[in-house]
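Colleague: got a predicted model here, sequence first, then my questions.
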Amino acid sequence: MRILVLPGDGIGPEITDATLVALEAVRDRFSLPLDLRHDVVGYASQKQHGTTVRPSLLDDARKADGVILGPTDSLEFRDEGKGEINPSKFFRKGMDLFANIRPSRTYAGLPGKVGEFDLVVVRENTEGFYADRNMEAGNGEILVTPDVAISLRRITRVCCLRIARAACELAMQRSRRVTIVHKANVLKVCDGMFVDACREVAADYPEITVDAVLVDAMMAYVVRDPRRFDVVVTTNMFGDILSDLTAELSGSLGLGGSLNAGAEHAMAQAAHGSAPDIAGQDVANPSSLILSTALLLGWYGRRTGKDDFVAAGEALDRAIEAGISAGEATRDVGGRLGTRVTAEALAKRIRSA
């Protein structure tokens with residue numbers, strides 16, 4: 001498996017290095033044929049090449065079997081004409097990574113804030129209110145006058161249908177329950193199309209129980225009783241917000257795995273940002289990027305029929321849970337270790353299992 005590794009900004013290099021320590025451990029244990037190719041995005045790329053993402057990286061990513069992308073300081077990347085390109089958007093759009101899969105679950109040894117739960121948010125990843133990816137050219141945000149701004153939201157039936165199918169396929173592997181999250185009572189046309197498309201696809205899966213919940217009510221429900229949900233499918237912005245909430249409810253946003261997947265390509269990406277305020281302090285939790293890499297290994301293994309990659313991804317997940325239970329984790333999840341030592345303890349556990 002050829003993987004393109006892009007560390008990113010802020011804590012990105014630290015958690016990427018930690019992820020590679022864990023990845024090397026499962027490589028050794030399962031004898032995985034891994035070929036890691038390293039490059040730069042974000043500020044490091046801007047310093048070397050004058051742009052946060054070189055166009056040629058898209059070809060490199062497409063030739064790889066997967067990408068590991070560390071967090072980048074995309075908030076400050078505002079003018080693409082000056083080479084300030086959001087790397088996440090660049091790869092999601094360029095490789096049509098339409099499904100953002102974000103599992104959230106509680107872990108033994110870490111007191112749950114709302115009780116035990118295990119759910120997955122399946123987020124549409126290529127349109128919606130995201131102004132940098134919903135237009136063929138230009139931007140979906142318009143400043144009409146200095147005091148009037150407009151944001152355009154794009155919803156297409158084809159994108160609704162394919163994210164709904166991704167959610168249903170995932171639900172068939174789990175508890176066969178899908179919840180559609182929307183705001184169709186107000187956004188009658190766009191979210192109405194989304195709900196209709198999801199129900200149309202779900203009709204092909206009679207084994208699945210389907211319900212629909214308004215997004216504002218959903219926020220209350222996942223705080224009150226997240227155990228009632230299994231696979232949640234929703235549009236881009238709602239999914240972004242909801243998946244951060246469920247990750248934090250599991251114990252920490254640092255436990256939020258995230259896989260961006262399309263028909264042919266996939267990219268592991270931490271669910272959180274670059275956190276420049278703690279960069280270089282060896283305190284960042286590497287679990288999000290490690291769990292995202294576990295999802296990438298599982299995606300590749302199922303796609304190619306290589307069970308050893310699926311097993312490797314599961315081993316990473318189990319090792320993180322065991323580390324949390326033993327207190328061998330970072331402080332945000334009740335541990336006492338730094339970023340690097342957390343990864344080394346994880347690797348030791350994997351190799352000795």
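Modeller: Received it, and whenever you're ready, just let me know what you need. Numbering: from 1, shown residues only.
Colleague: would you map the helices across the protein?
Modeller: 12-30, 43-49, 56-63, 87-94, 157-172, 190-202, 215-224, 236-249, 287-304, 307-326, 339-352 (DSSP state H).
Colleague: quick one: list the elements packing against the last one.
Modeller: Packing partners of helix 339-352 (3 or more Cβ pairs under 8 Å, 6 or more residues apart in numbering; DSSP states H and E): helix 12-30, helix 287-304, helix 307-326. Just so you know, the C-beta spots here come from the backbone N, C-alpha and C atoms, and that holds for glycine as well.
Colleague: one more: the first one?
Modeller: Using 3+ Cβ pairs under 8 Å, 6+ apart as the contact definition, the elements that helix 12-30 packs against are strand 2-6, helix 287-304, helix 307-326, helix 339-352.
Colleague: export those as TSV, with columns for mean pLDDT and mean neighbour count.
Modeller: Formatted as TSV, the helices and strands packed on helix 12-30 follow (pLDDT from 0 to 100; neighbours: other Cβ atoms under 10 Å):
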stretch	mean pLDDT	mean neighbour count
strand 2-6	98	21
helix 287-304	97	24
helix 307-326	96	20
helix 339-352	96	20
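Colleague: could I get the helices and strands packed on helix 339-352 as TSV with distance to L75?
Modeller: Output for the helices and strands packed on helix 339-352, formatted as TSV (distance: least, Cβ to Cβ, whole Å):
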stretch	distance to L75
helix 12-30	14
helix 287-304	18
helix 307-326	28
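Colleague: for the residue positioned nearest the centre of the chain, what are its contacts?
Modeller: Nearest to the mean C-alpha position of the chain, by Cα atoms, centre = their mean, lies S258 at 2.0 Å. By Cβ atoms under 8 Å, 6 or more residues apart in numbering, the contact set of S258 is 100-102, 243, 268-271, 288, 292, 295.
Colleague: can you report how many residues neighbour the residue lying closest to it once chain neighbours are set aside?
Modeller: Take S258 and drop its neighbours on the chain: the residue closest to it by Cβ to Cβ, 6 or more residues apart in numbering is A271, 4.3 Å away. Residue crowding around A271 was assessed by other Cβ atoms under 10 Å; the count is 26.
Colleague: which residues touch A271?
Modeller: 102, 243-244, 247, 253, 256-258, 288, 292.
Colleague: for S288, same thing?
Modeller: The contact partners of S288, by Cβ under 8 Å, 6+ apart, come to 15, 247, 253-258, 270-272.
Colleague: adding pLDDT, write those residues out as TSV.
Modeller: Below are the contacts of S288 laid out as TSV (pLDDT from 0 to 100):
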residue	pLDDT
I15	97
A247	94
L253	89
G254	91
L255	93
G256	92
G257	94
S258	97
A270	93
A271	89
H272	92
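Colleague: quick check: the farthest pair among the residues you listed?
Modeller: Using Cβ to Cβ, the two most remote members of the contacts of S288 are I15 and A247, lying 15.0 Å apart.
Colleague: more neighbours: those two, which one.
Modeller: For I15 versus A247, neighbours defined as other Cβ under 10 Å are more numerous around I15 (29 against 25).
Colleague: from what I can see the more buried one touches L69, true?
Modeller: No: the criterion here is Cβ atoms under 8 Å, and I15 misses it with L69 at 11.2 Å.
Colleague: what about the residue nearest to S74 when sequence neighbours are not counted, how many neighbours?
Modeller: Spatially, and ignoring its direct neighbours in sequence, S74 is nearest to N86 (4.3 Å; Cβ to Cβ, 6+ apart). Residues lying near N86 (other Cβ under 10 Å) number 24.
Colleague: with R227 instead?
Modeller: So R227, with other Cβ under 10 Å, has 14 neighbours.
Colleague: and it, what does it touch?
Modeller: Contacts of R227 (Cβ under 8 Å, 6+ apart): 115-117.
Colleague: repeat that with 10 Å
Modeller: 106, 114-119 (Cβ atoms under 10 Å, 6 or more residues apart in numbering).
Colleague: same question, V26
Modeller: Taking Cβ under 10 Å, 6+ apart as the test, what V26 contacts is 32, 34, 293-294, 297, 308-309, 311-316, 319, 346-347, 350-351, 353.
Colleague: end to end on stretch 32-50, go ahead and measure it.
Modeller: 36 Å (Cα to Cα, to the nearest Å).
Colleague: on that earlier part again, adding distance to V41, write the helices and strands packed on helix 12-30 out as JSON lines.
Modeller: Shown next, in JSON lines, are the helices and strands packed on helix 12-30 (distance: least, Cβ to Cβ, whole Å):
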{"stretch": "strand 2-6", "distance to V41": "5"}
{"stretch": "helix 287-304", "distance to V41": "14"}
{"stretch": "helix 307-326", "distance to V41": "23"}
{"stretch": "helix 339-352", "distance to V41": "20"}
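Colleague: and of those, who's closest to A202?
Modeller: helix 287-304 (21.7 Å).
Colleague: domain-wise, how is the chain divided?
Modeller: 1-97+259-353, 113-249 (automatic domain parsing).
Colleague: pick the most deeply packed of those.
Modeller: domain 1-97+259-353 (a mean of 20; mean count of other Cβ atoms under 10 Å).
Colleague: now do the end-to-end distance for that one.
Modeller: End-to-end for domain 1-97+259-353, by Cα to Cα: 23 Å.
Colleague: now swap in stretch 257-266 and tell me
Modeller: 13 Å.
Colleague: okay, now the unreliable bits of the protein?
Modeller: Residues of the chain that meet the criterion pLDDT under 70 lie in 131-133.
Colleague: as a quick check, tell me the outermost residue of it.
Modeller: T145 (35.7 Å).
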